[in-house]
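**Student:** Next comes the sequence, and after it the predicted model I'd like to discuss.
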Amino acid sequence: MRYVGLDYGQRRIGISVSDSAGRIAVPSASFTRSNDLAQDLRRLASAIREFEPDLVVVGYPVSLSGQPGSSVQAMKTFVGQLKKLLEIDVIFHDERFTTAEASRLLRQANMSAKAQRSVVDASAAAVMLQSYLDKRVDE
């Protein structure tokens, strides 16, 4: 089973993908959002379809206390519209600390802060998706 992970952001959306066995998540791409919501949705749906996933996992922004973050409503609206284009199941998974963890891993790989900016969103999507895949195996 193949999975795609999304790290939704106001400015950029990170994309990750699992291997065909659904065990390992890797960063794929990120794109900068435009001021055209319909265009962003079409671009993202097209990128997702290329992987032929069985499921899309979207990072759910929650605070440290576990309460929904301030960007939840905008993300849910966006994902609701994306679902209509994809006709693929979409679920949410806790994304706490994913960007921080992705940044830490990139620093460990000796990547400069400037170089990190172009890959941190896709890396955060991979951290989130890997968390989902690991949890799924444990159940």
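**Tutor:** Done, it's in. Numbers count the residues shown, from 1 in each chain.
**Student:** okay, CA-based contacts and neighbour counts for the rest of this
**Tutor:** Noted.
**Student:** SS state for the residue of the chain positioned farthest from its centre?
**Tutor:** What lies farthest from the middle of the chain is residue 110; by C-alpha atoms, centre = their mean that is 23.1 Å. Following DSSP: H, G, I helix; E, B strand; the rest coil, residue 110 is assigned to coil.
**Student:** now it: how far from residue 126?
**Tutor:** Using C-alpha to C-alpha, to the nearest Å, we find residue 110 at a distance of 19 Å from residue 126.
**Student:** swap in residue 31?
**Tutor:** Using C-alpha to C-alpha, residue 31 is found at 15 Å from residue 126.
**Student:** higher neighbour count, the two?
**Tutor:** residue 126 (29 against 17; other C-alpha atoms under 10 Å).
**Student:** contacting residues around the helix or strand harbouring residue 73?
**Tutor:** Using DSSP states H and E, residue 73 sits in helix 72-86. Defining contact as C-alpha atoms under 8 Å, 6 or more residues apart in numbering, one finds that helix 72-86 is touched by 8, 9, 41, 42, 45, 49, 60, 61, 89, 90.
**Student:** Buried ones in that helix, by neighbour count?
**Tutor:** For helix 72-86, the neighbour count (16 or more other C-alpha atoms under 10 Å) marks 75, 78, 79, 82, 86 as buried.
**Student:** and what of stretch 6-13?
**Tutor:** For stretch 6-13, burial by neighbour count (16+ other C-alpha under 10 Å) applies to 6, 7, 8, 9, 12, 13.
**Student:** distance between the ends of stretch 13-32?
**Tutor:** Using C-alpha to C-alpha, one end of stretch 13-32 lies 7 Å from the other.
**Student:** tell me which residues of that stretch are tucked away?
**Tutor:** Judged by neighbour count using 16+ other C-alpha under 10 Å, the buried positions of stretch 13-32 are 13-18, 22-31.
**Student:** from those residues, which two are the most distant?
**Tutor:** Farthest apart among these by C-alpha to C-alpha are 23 and 31. That separation is 24.6 Å.
**Student:** ok, the host helix or strand of residue 16: who's next to it in the sheet?
**Tutor:** Element membership of residue 16, judged by DSSP H and E, is strand 12-18. Using DSSP bridges, strand 12-18 pairs in its sheet with strand 3-7 (antiparallel), strand 25-32 (antiparallel).
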